[in-house]
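K.L.:
Structure for this input, please:
(chains A, B, C and D)
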2 protein chains.
Amino acid sequence: MNMRRTTIKDVAEVAGVGVATVSRVLSGGSASPETRERVLTVAAQLDYRPSALGRNLRQQRSGGIGLLLPDITDTFYGRLADGVLACARSAGEPVILGATGDDAEREAELIGILLEQGVDRVIAVPSGDGETWTPTLRAGLTMVFAHRLAAGRDDVPSVLADDRAGVRTAVDYLTGLGHRRIAYLGGPGQEQRLAVFRQALGELVDEELIVSARGSRDSAYAIAAGLLQRRPDLTAVLAGGNLLGEAAVLAARELDLRVPRDMSLIMFDDVPWAELCSPPLTVIAQPAQDIGYRAAELVLRAGGRRPRSVLLPTELIVRGSCAPKGISRSPR
Amino acid sequence: MNMRRTTIKDVAEVAGVGVATVSRVLSGGSASPETRERVLTVAAQLDYRPSALGRNLRQQRSGGIGLLLPDITDTFYGRLADGVLACARSAGEPVILGATGDDAEREAELIGILLEQGVDRVIAVPSGDGETWTPTLRAGLTMVFAHRLAAGRDDVPSVLADDRAGVRTAVDYLTGLGHRRIAYLGGPGQEQRLAVFRQALGELVDEELIVSARGSRDSAYAIAAGLLQRRPDLTAVLAGGNLLGEAAVLAARELDLRVPRDMSLIMFDDVPWAELCSPPLTVIAQPAQDIGYRAAELVLRAGGRRPRSVLLPTELIVRGSCAPKGISRSPR
DNA sequence: CTGAAAGCGCTAACAA
DNA sequence: TTGTTAGCGCTTTCAG
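P.N.:
The predicted structure follows:
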């Protein structure tokens, strides 16, 4: 049952031409119309599928696209991955997926695997710092960062949501509602957003209200609960991602804080459940899918020269989780 | 900057041995202790990483695992994928991901890509019927189905959640609360669940209350809204997945149906937002991650002989979306 | 225990 | 326009 695969040699033989000709025809090289047709016919008859194995070895690269992201369980990254897949599929390229867990070491390990596989194009939501990516770049891979950057690696093009504008909008919205003690609930790799947050808030910043979780749900919850308990005087929080937002909602509920009466909440990343929540969550939507798609485009179209980076817009979607600052929270 | 990679030949040369010896040492073959050590040292010094390209061609297979699922955007599949990744990583195997969109044609296309890549192990949540998988099996690939089966392909081992028990539990719970007109909101590939649903319900079944959506959110919403409008007399619905559950909540809200007063809702698949919803959703939890992990184990451990299939337990998690059947719904 | 050599399927340089 | 040929890096006989 397990007969040998049809190879280029078989096709050549049956078509009565050399293997090189077959190769040429199949990759769109020059050939006389009649030869071309004959080869094509035979290839079809024999149901010939060129082996990527042979080609890869010869070309010293395996066409695929490596995709490294923190957590495929997070719908944001799920959507991002979906965008990459969509683009890759239209190009007929396989996608090799790896989850870094926001851990530099694991990231390095996965990079190792990709290198070993001869992958020469990588899209990454970087976790480690610039150092981690030195081997990749030295090996001459085409790289694109998505969603965030790696410290000290400005030589890698990227596709980002416009965090700057997003944070500004959120802060403006909140301050416009009269809030002054605004907290930021951050995740890994959000330095840039934090900087903007501080800047947008100006003299209102309170470093105690700026906290960061590690990647996990548990960590997010712990940080959120801690913050809310420690600083009952805060009146608004900006959550830097859907996991953080979820944690904030949960923690608030646990502490009997009513949203938005006792605390306004605005979350980065629009997710389906934001609408299901009560109250429905006001969010800064990010085009996760587009980010992935565009990143894949960049990494595929890269015809040698380094492509320009891309910045995609975010959007404030007002629902019901923010209210004007009213009476201060009732003491607990 | 782009110097040649270190090859096995380099290592052999520096270590003063033949390439075959290096190969043997690195793959744990026999070698004298001193040779072994010398080779290992040199390999480390040169930072030698064997190229999967060469090995793959030689062995006529690329180690990786192909993973085909309907939609990476759905957190259920996200968790499943995460399980696969976890297992694959511990085995050092790359995972090639493809999203079928629950479309047999796209599935076939992706299978083509995998075959071309020489992938010889694939885990799939099948969308097409048995036919789709004939080429894969004929090519001698190791296959495992996850989460559901392909019609007429009983020769492929699988890892499933115990749908039968899950549906029974849900139905028992609902009927125990006094519900009689119970609807089922299904998705693609849930024939088996439907059968159990009908069976568990016995003479209570009402075919008009059994509806199926295609994979998308929109389709799910349309189907759910249609059902609730068409049959205002139903008192409970069982949603066959988190997308369907989401749709049900949304549709109910749109029609001003209060859950659980006007309608009890129980959803397959526990997701984080189920707890955030109001009321929190009662669910049948499925071990998505485990399904993925176990599937990966099967496909990796498959030492030639076909492994046995696996059935994993589901769990009823009672929260607040189900209530005893009370006064019939107020007329609208 | 070890090395030489064949060859996996393909492409690209070269010759005709 | 075509065919011949030389490898890409690796594993695996097969001798020694």
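K.L.:
Could you spell out which stretches of chain A belong to which domain?
P.N.:
By the assignment in automatic domain parsing, chain A contains the domains A:1-49, A:163-287.
K.L.:
which stretch among the ones you listed comes nearest residue B:216?
P.N.:
domain A:163-287 (12.1 Å; Cβ to Cβ). Every residue, glycine included, has its C-beta placed from N, CA and C.
K.L.:
Next, whatever residue of the stretch 151-300 of chain A ends up closest to DNA strand C: secondary structure please.
P.N.:
For the stretch 151-300 of chain A and DNA strand C, the shortest gap (Cβ to the nearest atom of the strand) falls at residue A:300, measuring 17.3 Å. Reducing the assignment at residue A:300 to three states with DSSP: H, G, I helix; E, B strand; the rest coil gives helix.
K.L.:
just the strands in chain A please.
P.N.:
For chain A, strands defined by DSSP state E occupy the ranges A:65-69, A:95-99, A:121-124, A:142-146, A:158-161, A:182-186, A:210-212, A:236-239, A:264-268, A:282-285, A:310-312, A:315-317.
K.L.:
Would you pull up how far the last one lies from the middle of the chain?
P.N.:
The reference is to strand A:315-317. With Cα atoms, centre = their mean, to the nearest Å as the basis, strand A:315-317 stands 19 Å off its chain's centre.
K.L.:
What sits closest to the residue in the stretch 101-250 of chain A that DNA strand C sits nearest to if chain neighbours are left out?
P.N.:
Relative to DNA strand C, the nearest point of the stretch 101-250 of chain A is residue A:118 (12.1 Å; Cβ to the nearest atom of the strand). Spatial nearest neighbour of residue A:118, excluding adjacent residues (Cβ to Cβ, 6 or more residues apart in numbering or on different chains): residue A:62 at 4.1 Å.
K.L.:
circling back to that earlier point, the residue of the stretch 101-250 of chain A closest to DNA strand C is in contact with residue B:53, isn't it?
P.N.:
Yes. Between residue A:118 and residue B:53 there is a contact at 4.6 Å, judged by Cβ atoms under 8 Å.
K.L.:
what is in contact with those two at once?
P.N.:
By the contact definition Cβ atoms under 8 Å, 6 or more residues apart in numbering or on different chains, residue A:118 and residue B:53 are jointly contacted by A:56, A:60, A:62.
K.L.:
can you pull the contacts of the first one?
P.N.:
Listed by Cβ under 8 Å, 6+ apart, the contact set of residue A:56 reads A:62, A:63, A:118, B:53, B:56, B:57.
K.L.:
contact partners of the helix or strand of chain A with the lowest mean pLDDT?
P.N.:
Here the helix or strand of chain A ranked lowest by mean pLDDT, DSSP states H and E is helix A:134-138, holding a mean of 88. Here helix A:134-138 makes contact (Cβ under 8 Å, 6+ apart) with A:111, A:114, A:115, A:122, A:143, A:155, A:156, B:1.
K.L.:
Can you name the residues of the stretch 51-200 of chain A that neighbour DNA strand D?
P.N.:
Proximity of the stretch 51-200 of chain A to DNA strand D (Cβ under 7 Å from any atom of the strand) is limited to residues A:57, A:58, A:60.
K.L.:
thought the last one was touching residue B:52?
P.N.:
Right, the one you point to is residue A:60. No. Residue A:60 lies out of contact with residue B:52 (Cβ under 8 Å); the separation is 11.8 Å.
K.L.:
more crowded one of the two?
P.N.:
Per other Cβ atoms under 10 Å in any protein chain shown, whichever of residue A:60 and residue B:52 has more neighbours is residue B:52, with 24 against 13.
K.L.:
Distance check, that one against chain A.
P.N.:
Using Cβ to the nearest Cβ, to the nearest Å, residue B:52 is found at 5 Å from chain A.
K.L.:
so that residue touches residue B:58, yeah?
P.N.:
No. With contact defined as Cβ under 8 Å, residue B:52 does not count as touching residue B:58 (10.6 Å).
K.L.:
For residue A:314, which non-adjacent residue is spatially closest?
P.N.:
residue A:166 (3.7 Å).
K.L.:
contacting residues around residue A:297?
P.N.:
Contact partners of residue A:297, counting by Cβ under 8 Å, 6+ apart, are residue A:87.
K.L.:
distance of it from residue A:308?
P.N.:
12 Å (Cβ to Cβ, to the nearest Å).
K.L.:
got it, and residue A:302?
P.N.:
11 Å.
K.L.:
Ok, residue A:178 next?
P.N.:
Distance check for residue A:178 against residue A:308: by Cβ to Cβ, it reads 41 Å.
K.L.:
what about the two, which has more around it?
P.N.:
Neighbour totals were compared for residue A:178 and residue A:308, and residue A:178 leads with 13 against 8 (other Cβ under 10 Å).
K.L.:
Quick check: the residue of the stretch 101-250 of chain A closest to DNA strand C vs residue A:283, distance?
P.N.:
41 Å.
K.L.:
repeat for residue A:312
P.N.:
16 Å.
K.L.:
Looking at the two now, which is surrounded by more residues?
P.N.:
The residue with more neighbours, out of residue A:312 and residue A:283, is residue A:283; 27 against 14, by other Cβ under 10 Å.
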